[in-house]
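Participant: Quick one: sequence plus predicted model below, questions after.
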Amino acid sequence: MKNYTTLADIHDLDGLIGEARSLKSKNTASNTGKGKTLGMLFFNPSLRTRLSTEKAAKLLGMEVMVMNADKDGWALEFEDGAIMNSDKAEHIKEAAAVLSQYCDIIAVRAFPGLKDKEKDESEYVLNSFKKYASVPVVNLESATGHPLQALTDAMTIQEFNKAEKAKVVLSWAPHPKALPQSVANSFTEMMQRLDVDFVITNPEGYDLDPDIRKDVKVEHDQEKAFKDADFVYVKNWSSYENYGQILDIKENWTVNQAKLKNTNNAKVMHCLPVRRNVVIADNVLDSENSIVIQQANNRTYAAQAVLKRILECRK
Ligand SMILES: CCC[C@H](NC(=O)CCC(=O)O)C(=O)O
Ligand SMILES: NC(=O)OP(=O)(O)O
């Protein structure tokens, strides 16, 4: 594994999930990454990704450097050939080349602007780092995907599944802000690689990118979708077809205990952070149905397995 920027970088999914679960059961440090440095750049906030990936790197014996690139770094120019006479102080060409001298792996978080679909879908930040860095690049959530989260989610479903073929439902839920489709996109891609019965439920106007959901069933009636579900993965995303917009939805899509009545006593998942009583009600998050904390714990081991594969590939 050279880079980990999309789920296409995973060629042996069962093996990678197995490695993550094995690392979790051992939970001991190793020297795989001794003398190596992970550099993490955050252009947006984080709790889980920042701390779990740092822990993962340190469990491998790596040094870690973290930077709030949006606050502490120079404003970066990503356009090739730009005449840099305005507010951008440094070109990604120099920034990525210099970082490649300090770090053995560069990891980047850069959310979409949600204003220009084409620009966001170009993944210009992540792909510029891939183009101009001379070391592997890891996606800590980008404009269109969150592959570390999706690997974690697959590992968690495998850990908790009791059904021969689990029914997994990705359910939209409301949110006061316009959020990326990234987590929902990567979860949707990942569920298509697992042997599960996968359904997406969202209001009209919130269908995800058809190139990502392909022929996955989309049910605009949340109650119908929840019937016999073993896992309900809850996440907000802004409209894709009315790009970046929040639409006026009359029905109540907040996931509460009453909505789980027709499920198969479903386990409820969310990548976190979660807006309580807007996205998911307290009576779900504080119940046995919720596995969001166990899910967040798995971020460390998913990241450790990915970093380990990248380091082993560099030997
Ligand atoms: C891992 C999730 C990161 C991000 N979530 C948010 O930006 C939530 C922010 C908020 O609730 O104010 C998202 O939805 O992609
Ligand atoms: N799920 C996730 O990526 O959380 P953070 O945004 O806190 O890193």
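Facilitator: Yes, it's here. Nothing here was measured: the structure is a model prediction, and the numbers come from that model. Ligands and ions are numbered 1, 2, ... in the order given.

Participant: so who does the residue in the chain sticking out farthest from the centre touch?
Facilitator: For the chain, the residue at maximal distance from the C-alpha centroid (CA atoms, centre = their mean) is Asn85, at 35.3 Å. Neighbouring residues of Asn85 by CB atoms under 8 Å, 6 or more residues apart in numbering: there are none. Placement of C-beta: from N, CA and C, glycine included.

Participant: ok, Arg299 touching Leu148?
Facilitator: Yes. Between Arg299 and Leu148 there is a contact under CB atoms under 8 Å: 6.8 Å.

Participant: who touches both of these two?
Facilitator: With contacts defined as CB under 8 Å, 6+ apart, the residues shared by Arg299 and Leu148 are Thr49, Thr53.

Participant: Compute the number of surrounding residues for Lys34.
Facilitator: By the measure other CB atoms under 10 Å, the count of residues near Lys34 is 12.

Participant: give the contact list for the closest residue in space to it that isn't next to it in sequence.
Facilitator: Among residues not flanking Lys34 along the chain, Gly61 sits closest, at 4.1 Å (CB to CB, 6 or more residues apart in numbering). Shown in contact with Gly61 (CB under 8 Å, 6+ apart): Ala29, Ser30, Asn31, Thr32, Gly33, Lys34, Gly35, Lys36.

Participant: now Ile310
Facilitator: Per CB under 8 Å, 6+ apart, neighbours of Ile310: Met1, Lys2, Asn3, Tyr4, Ile105, Pro136, Val138.

Participant: is any part of the strand or helix carrying Thr152 close to ligand 2?
Facilitator: Secondary-structure element containing Thr152, defined by DSSP states H and E: helix 147-160. Yes. Helix 147-160 is in contact with ligand 2 by CB under 6 Å from any ligand atom, via Gln149.

Participant: Can you give me the buried ones in that helix?
Facilitator: For helix 147-160, the neighbour count (16 or more other CB atoms under 10 Å) marks Pro147, Leu148, Gln149, Ala150, Leu151, Thr152, Asp153, Ala154, Met155, Thr156, Ile157, Gln158 as buried.

Participant: Off-centre distance for it?
Facilitator: 10 Å (CA atoms, centre = their mean, to the nearest Å).

Participant: do the same with stretch 188-198
Facilitator: Put simply, stretch 188-198 sits 15 Å off its chain's centre (CA atoms, centre = their mean).

Participant: And the closest residue to Asn256 other than its chain neighbours, how close does it get to ligand 1?
Facilitator: Take Asn256 and drop its neighbours on the chain: the residue closest to it by CB to CB, 6+ apart is Ala281, 3.7 Å away. Distance from Ala281 to ligand 1, counting by CB to the nearest ligand atom, to the nearest Å: 16 Å.

Participant: quick one: Ala281 from Ala266, how far?
Facilitator: Note on Ala281: its distance to Ala266, by CB to CB, to the nearest Å, is 14 Å.

Participant: my read: the residue nearest to Asn256 touches Gln257, true?
Facilitator: Yes. If you go by CB under 8 Å, Ala281 and Gln257 touch, sitting 6.9 Å apart.

Participant: Looking only at neighbour counts, state which of the two leads.
Facilitator: The neighbour comparison of Ala281 against Gln257 (other CB under 10 Å) goes to Ala281, with 19 against 14.

Participant: Tell me which residues touch that one, please.
Facilitator: Contacts of Ala281 (CB under 8 Å, 6+ apart): Thr254, Val255, Asn256, Gln257.

Participant: Counting neighbours, which of those residues comes out on top?
Facilitator: Taking other CB under 10 Å as the neighbour criterion, Val255 ranks highest of these with 26 neighbours.

Participant: what's across from that residue in the sheet?
Facilitator: In this entry, Val255 is beta-bridged to Ile280, by DSSP bridges.

Participant: do you know how far the residue in the stretch 51-200 of the chain that ligand 2 sits nearest to is from ligand 1?
Facilitator: Closest to ligand 2 within the stretch 51-200 of the chain is Gln149: 5.3 Å, counting by CB to the nearest ligand atom. The gap separating Gln149 from ligand 1 is 6 Å, by CB to the nearest ligand atom.

Participant: And for Ala266?
Facilitator: If you go by CB to the nearest ligand atom, the gap between Ala266 and ligand 1 works out to 21 Å.

Participant: pLDDT at that residue, what is it?
Facilitator: What the model reports as pLDDT for Ala266 is 98.

Participant: and the lengthiest helix in the chain with ligand 2, contact?
Facilitator: In the chain, assigned by DSSP state H, the helix with the most residues is helix 292-314. No. Residues of helix 292-314 contacting ligand 2 under CB under 6 Å from any ligand atom: none, with a closest distance of 6.9 Å.

Participant: nearest to ligand 2, of the contacts of Gly61?
Facilitator: So of the contacts of Gly61, ranked by how close each gets to ligand 2 (CB to the nearest ligand atom), first place is Gly33, at 20.9 Å.

Participant: Give me the contacts around stretch 20-36.
Facilitator: Applying CB under 8 Å, 6+ apart, the set of residues contacting stretch 20-36 from outside is 57-63, 104-105, 151, 155, 158-159, 298, 300-302, 304-305, 307-308, 311-312.
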